[in-house]
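> turn this into a structure:
(chains A, B, C and D)
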Protein chains: 2
Amino acid sequence: MPDAADPAPMNARRKFRREGEERRRQDLIDATLESVAEHGLEGATVRTIALRAGVTAGLIRHYFPGKEDLLQEAYAALMGRMTEQAKAALLMEDASPRQRLAAFVTANLNAPIIDQRVFSLWATFIGRAGADPTLARAHREGYLGFRNEVEAVVAEVLAAERRKPDASELRHHAIAINAIIDGLWIEGCLAGEMFSPGELAAIGIKAIEAELGLAPEKGGN
Amino acid sequence: MPDAADPAPMNARRKFRREGEERRRQDLIDATLESVAEHGLEGATVRTIALRAGVTAGLIRHYFPGKEDLLQEAYAALMGRMTEQAKAALLMEDASPRQRLAAFVTANLNAPIIDQRVFSLWATFIGRAGADPTLARAHREGYLGFRNEVEAVVAEVLAAERRKPDASELRHHAIAINAIIDGLWIEGCLAGEMFSPGELAAIGIKAIEAELGLAPEKGGN
DNA sequence: AGGCTATTTATACACTTGCACAACAACGCC
DNA sequence: GGCGTTGTTGTGCAAGTGTATAAATAGCCT
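Below is the predicted model of the structure:
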């Protein structure tokens, strides 16, 4: 039926649904992170992001004052997810300090924290910290928060061993342990297939035990 | 003399000098790195780069097939400089293995390797490793080369202590030490003013000695 | 069912981007 | 000194950028 009564509205407008504000903002932020992870900051254009989120470009400006604000919120969301997952491992109530420290390290050196995409995002954003004071401060706060968590657990671990380190000693341990976790995290993200599952966590735990001068765990896995 | 014979060539062309090919390429690469460090990959446009190099944009295409090639060469140059400086510290002939390891760590945890600008560059480029296989392979090779250097020194250090680690042990040590150096490098680059001079190197050396199970150096401060 | 309003689309615009190309002039060579 | 080579400039262009704004419509309220 070639010439049936097909309205054939050549200029048919795109159908759409009205999602809630929360949902749309979240979708746009997610789409932003995906775009940045795949094509870098340069490839994350408003049109790319909108396309990925299933909307048209103009809508971005309805939820965010400008592209820059969207990027900042996306970075904040990324950091929030990362630290949230990492800190969760510390909340085990009924466990020895040492076990909690080990769980913390294990959580940080396995999926989903060890993930090439997350690393790409982190690197892309952090690379601008030198130029963007807002990003720099966001990182500094996240870093110090993380390090303070580490320092607190270290203090508990050492206290359980009846050792009384002074503040400087504690700080040094926290810095070193933080470095071990960060360094292994990078190695795992960038060359994950070079390590067997759990290997990085095992290396990390041993290195940290050595740093703290703890006798190797007896019961072994 | 207002209306003297001033040729006033409104359309005067810019004066220029013909530099050697080597020099021009180097200038363009340097200008690229500076541009990326300051404004990220997105801000490194051919016009920005050319302006910084003191030439006009068109010249870039005379020396490089395209902008992408310029970026790749710039990344290669960056990595080359970093690893070159780092490895130089290992070449001290008349020193004990342990001294050479310490010198290596110290070199990696002070200027000019600890440098926010270099870090920004590294992060910006490495953030694209997930999407760009060429970059990923370049990093992988650089990383393995670095780790092998570490492993070699570690083997010497342990041999000097009359210890015979097996291959797996050695590998684990190298991974851990690599992580310590990388992690402290990041902390230093991103929050350099939080550490006193030499503090990071001291922390690194102590952590590594603990990892290797070495007795603390006697004489040193 | 019908209208209101905020969400969403679509279009326009000024500007930037990488690249192509022709004109030009600096420098080596005779 | 004049000439040719080619490094270098300047201009132009199509595609893509973020943003502004008007038009449309989906979904709630009554």
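> give me the below-cutoff pLDDT ranges for chain A.
Where chain A drops to pLDDT under 70, the residues are A:1-11, A:217-221.
> centre-most residue in it?
A:Met82 (3.0 Å; Cα atoms, centre = their mean).
> and that residue, what does it touch?
Residues near A:Met82 by Cβ atoms under 8 Å, 6 or more residues apart in numbering or on different chains: A:Ile113, A:Val118, A:Trp122. Just so you know, the C-beta spots here come from the backbone N, C-alpha and C atoms, and that holds for glycine as well.
> need those in JSON lines (columns: neighbour count and distance to A:Ile208).
Formatted as JSON lines, the contacts of A:Met82 follow (neighbours: other Cβ atoms under 10 Å in any protein chain shown; distance: Cβ to Cβ, whole Å):
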{"residue": "A:Ile113", "neighbour count": "20", "distance to A:Ile208": "16"}
{"residue": "A:Val118", "neighbour count": "20", "distance to A:Ile208": "22"}
{"residue": "A:Trp122", "neighbour count": "23", "distance to A:Ile208": "22"}
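> name the nearest of those relative to chain B.
For the contacts of A:Met82, the minimum distance to chain B (Cβ to the nearest Cβ) is 7.8 Å, reached by A:Trp122.
> doesn't A:Leu78 make contact with that closest one?
Yes: here A:Trp122 reaches A:Leu78: they are 7.2 Å apart, a contact under Cβ atoms under 8 Å.
> okay, domains of chain A per the record?
A:18-64, A:78-212 (automatic domain parsing).
> out of the ones you listed, which is closest to DNA strand C?
The closest of the domains of chain A to DNA strand C is domain A:18-64. By Cβ to the nearest atom of the strand, the value is 2.4 Å.
> is the longest helix anywhere in chain A in proximity to chain B?
The longest helix of chain A (DSSP state H) is helix A:133-160. Yes: Helix A:133-160 reaches chain B (Cβ under 8 Å from any Cβ of the partner chain) through A:Ala136, A:His139, A:Arg140, A:Tyr143.
> make TSV from those and add distance to DNA strand C and neighbour count to it.
TSV is the format used below for these (distance: Cβ to the nearest atom of the strand, whole Å; neighbours: other Cβ atoms under 10 Å in any protein chain shown):
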residue	distance to DNA strand C	neighbour count
A:Ala136	23	17
A:His139	26	19
A:Arg140	29	14
A:Tyr143	32	18
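> got the residues of chain A near DNA strand C?
A:11, A:13-14, A:16-19, A:21, A:24, A:50, A:54-59, A:62 (Cβ under 7 Å from any atom of the strand).
> circling back: is it possible to export the residues of helix A:133-160 next to chain B to CSV including distance to A:Ala160?
CSV is the format used below for those (distance: Cβ to Cβ, whole Å):
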residue, distance to A:Ala160
A:Ala136, 37
A:His139, 32
A:Arg140, 31
A:Tyr143, 26
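> can you narrow those residues down to the ones near DNA strand D?
Of these, not one also sits near DNA strand D (Cβ under 7 Å from any atom of the strand).
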